[in-house]
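Undergrad: I need the structure of the sequence given here:
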Amino acid sequence: MEGGIKIDTNDVVSGSMAYNRLEMQISQSLLFAIELYEQEDFLITLDYFDDITIFSDETMNSGICYYQMKSNESITLNYILKEDWLTKLYMHLFDESDIKEIGLIVCNEIKHDRKKLFTQGKIELSNFGEKILSKVKLSLSEKFNCEIDEIDLSKFVFIKTVLTKDTHREFVENAMSKLLMEINPDISVRTAYTVFTSLLEILTNKQSIELPEFCLLEDVKNKKSMSKKEFDKVIKYANKITLPDFQEINRQCYMDMSKEEKYGIAFSRILSDSKRNQKTFYDLLDQIVDCIANINKSTTILEMTMFVKEEIKKREPRNIHILADDYYIETLALCMLVKGDIYE
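TA: This next block holds a predicted model:
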């Protein structure tokens, strides 16, 4: 159109594919964290060493898994070799590190000679047979100018992820809810969703940060990675913010009728704040839990609540809830005390 703006549709499609792939990297990283949760430790790094990198612990020097993720609709072995996907992955072997696995994650089947190489799960390249192995080794030997026998594919895997471009978020949300239900059968759907969105936000922020090619490992760990401790901390918050019913609090505390309405208003605000993933809320919650862990449990719940309030006054005299005296701190302390399991 004369005088109009011409849009390059190829750029639009390319940008859309890149955006989808980045979103799927986040979902796949969270799925890895869920699957690895029972392990003693792990650290997941996004979009730095490779699309996704998993370390066996926070030292970042052992049990390393490098993954590239591709969301292409149609993938053939010839296309993989032509685009140098394995070439880029193979370069990790030149690092002097304890590599556990190097993987190409795909959303659709990989085909060769019009046949599917595999349809789901994880498969080692060594299981594809000599013909395909020779083809891959020949391609890599030409790229690296070496003998075919020098190419080592023993650590390489292909992974057909369960995630799809249209449903990856829903799938991981369900997997997260299942894990949370196993840990705490009483967790609410609302709280489970809050945990899921909090973890997505953490991973999205980590992925979006750009660091120079060569920087301190400590910076990569802090700015581009999520540790088992960080993952576990969010889950533990989920248990803390699984609040008891207000009626149950009232039943156990024998509230003064003149204060019941004020406690009820504060309880409503706490419910709202617990959904917002605000650092100020969690900081206050941590302090209250810490106070509860160090008080005499032989007194009444209301007496313990007043003790917690006085402790918070000493620690944070300028806290807005201390200044307003709005029953917020007492009510949050009551919630934690009635739950009972957070300081045992």
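Undergrad: Please pull out the lowest mean pLDDT helix or strand from this structure.
TA: Scoring the helices and strands of the chain by mean pLDDT, DSSP states H and E places helix 9-35 at the bottom, with a mean of 75.
Undergrad: Of all the residues in stretch 318-333, which ones are buried?
TA: Under the neighbour-count criterion of 16 or more other Cβ atoms under 10 Å, stretch 318-333 has 319, 321-322, 327-333 buried. No exception for glycine: its C-beta is placed from N, CA and C like everyone else's.
Undergrad: actually stretch 111-121, sorry about that
TA: Buried residues in stretch 111-121, counted by 16+ other Cβ under 10 Å: 112, 117.
Undergrad: Name the residues that touch it?
TA: Residues from elsewhere that reach stretch 111-121, judged by Cβ atoms under 8 Å, 6 or more residues apart in numbering: 74-78, 109-110, 123, 128, 132, 158-160, 162.
Undergrad: With secondary structure, pLDDT and distance to Gln28 added, can I get the residues you listed in a markdown table?
TA: Formatted as a markdown table, the contacts of stretch 111-121 follow (DSSP: H, G, I helix; E, B strand; the rest coil; pLDDT from 0 to 100; distance: Cβ to Cβ, whole Å):
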| residue | secondary structure | pLDDT | distance to Gln28 |
| --- | --- | --- | --- |
| Ser74 | coil | 81 | 20 |
| Ile75 | strand | 91 | 16 |
| Thr76 | strand | 93 | 22 |
| Leu77 | helix | 95 | 22 |
| Asn78 | helix | 95 | 25 |
| Glu109 | coil | 89 | 17 |
| Ile110 | strand | 91 | 17 |
| Ile123 | strand | 93 | 17 |
| Phe128 | helix | 89 | 23 |
| Ile132 | helix | 94 | 25 |
| Phe158 | strand | 96 | 14 |
| Ile159 | strand | 96 | 9 |
| Lys160 | strand | 95 | 12 |
| Val162 | coil | 94 | 10 |
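Undergrad: In PyMOL, select just the buried ones from these.
TA: Buried subset of those, written as a PyMOL selection, criterion 16+ other Cβ under 10 Å:
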select buried, resi 75+76+77+110+123+128+132+158+159+160
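Undergrad: Pull the number of nearby residues for the nearest residue to Ala238 once chain neighbours are set aside.
TA: Of all residues not flanking Ala238 in the chain, Val195 sits nearest, at 4.4 Å (Cβ to Cβ, 6 or more residues apart in numbering). Using other Cβ atoms under 10 Å, Val195 has 23 neighbouring residues.
Undergrad: same thing with the one 4 residues further on?
TA: Counted with other Cβ under 10 Å, the burial measure for Leu199 works out to 22 neighbours.
Undergrad: List the contacts of stretch 44-64.
TA: 22, 25-26, 28-29, 32-33, 36, 39-43, 65-69, 88-89, 92, 97-100, 105, 203, 206-207, 211, 217, 220-221, 224-227, 229.
Undergrad: Which members of the contacts of stretch 111-121 are the farthest-apart pair?
TA: Asn78 and Val162 (25.5 Å; Cβ to Cβ).
Undergrad: Quick one: the strands in the protein, in order.
TA: Counting by DSSP state E, the chain has strands at residues 43-46, 52-55, 64-70, 75-76, 99-106, 110-112, 115-118, 121-124, 156-160, 225-227.
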